[in-house]
Structures are given as C-alpha cells and as structure tokens.
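[1] Dropping a prediction and its sequence here:
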Amino acid sequence: MTDSINPIHILLIEDNEGDVVLTLEALGDGKIVNSISIVKDGWEAVQYLEKTGSYLDAQKPDIILMDINLPKMNGYEVLKRIKEQNEIKHIPVIIITSSSSQKDIFNCYHNCAAGFITKPFETAAFLKIIISLENFGISITPLAPIKIL
C-alpha cells in the first residue's frame, strides 16, 4: 500500500494582490502539493466554475478559498450560486475575509460555507492560518486530500 495522496486543485478568489501573494507563499511554506487557479472578482469566479467565457477548459477545484468583498459580484452571491448548482455544490468553500461581522459569518454559513476565517492584520498570523488549511484538507475533506512533502 502506498501513502501517496493525490494533489488538490485550489481555486483562490481574491482581488487583493497582497493577499494572493501571501496565500501562495503560505501554501508553499506549508509544503502542500497542489495546483492553484486565481480569479480576481466574483463574476470571473462564476465564469471559471461554470466553464464559460475564457474558462471553457477550467479544472474543477477540490476546494475554494474566497474573499467576500469582491468586485463585480460579491462573495455571498458567488457562494449562493455555487450551492445552487448540482455539479459544483459539493466543493467546500472557505471564506477568508477581513470581516469579523456576526452578520457576515451568519450569511456565509447560511449559504453553506465550509468555514469562515477572519484575516488577521499581521502577516505571520495570516501565513499561519493559510498553512493550517492543510489540516482542513487532510481531516475534513476526503474528496480533497493534500500531500505533505
């Protein structure tokens, strides 16, 4: 028996370039073997997930990391649209946002988010949170195993 685990495909939906860079750095530091696609707004995320526009050959993600404060279409709208579609509603969506509002937390879980993480202001704390997502993939999402080097 082999202990190799297939890599996962992550869709990062984030418009803040600094947070994109930190997330990519944290995933690299955590030695998570994966592939990642990045989209910068809610409408682009919908096109990616529905394989329309320039995303006809987009790879279906195993997990989605998404901010709720997105241009063109906010994260709530994207989350609701994901959870209404049989082909993609099973994909875990983890909200990573600067908001700590109880209303935002409720709305995300009400729309079936798998998790809600408030981005800390300190870079080291943000990196630690992203690295900790490797445990989410290993212990909670059997459809999205993560291989640790």
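    Nice, I can see it.

[2] Going C-terminal from the strand or helix carrying Phe106, what's the next secondary structure element?
    Using DSSP states H and E, Phe106 falls within helix 102-110. On the C-terminal side of helix 102-110, the nearest following helix or strand under DSSP H and E is strand 115-118.

[3] OK, contacts around the residue nearest the centre of the chain?
    By C-alpha atoms, centre = their mean, the chain has its centre lying nearest to Leu65, at 1.2 Å. Contacts for Leu65 (C-beta atoms under 8 Å, 6 or more residues apart in numbering) come out as 10-14, 23, 94, 96, 133. All C-beta atoms are positioned from the backbone trio N, CA, C, and that covers glycine.

[4] Distance from the helix holding Phe106 to the middle of the chain?
    Distance, stretch centre to chain centre, for helix 102-110: 17 Å (C-alpha atoms, centre = their mean, to the nearest Å).

[5] quick one: buried residues of that helix?
    104-105, 107-108 (16 or more other C-beta atoms under 10 Å).

[6] So the residue nearest to the centre of the chain versus Gly75, what's the distance?
    In this view, Leu65 and Gly75 are 11 Å apart by C-beta to C-beta, to the nearest Å.

[7] try Phe116
    As judged by C-beta to C-beta, Phe116 and Gly75 stand 11 Å apart.

[8] ditto for Lys103
    Lys103 sits 13 Å away from Gly75, going by C-beta to C-beta.

[9] I figured Lys40 hits Leu11, correct?
    No: taking contacts as C-beta atoms under 8 Å, Lys40 lies outside contact range of Leu11: 11.9 Å.

[10] quick one, which of those two is more surrounded?
    In terms of neighbours (other C-beta atoms under 10 Å), Leu11 is the more surrounded of Lys40 and Leu11; the figures are 22 against 17.

[11] By mean pLDDT, point me to the weakest helix or strand of this structure.
    Lowest mean confidence among the helices and strands of the chain (mean pLDDT, DSSP states H and E): strand 147-148, at a mean of 40.

[12] Please tell me how far the residue nearest to the centre of the chain sits from Asn74.
    Noted for Leu65: a distance of 16 Å to Asn74, by C-beta to C-beta.

[13] so how many other residues sit close to Val21?
    Val21 has 11 nearby residues by other C-beta under 10 Å.
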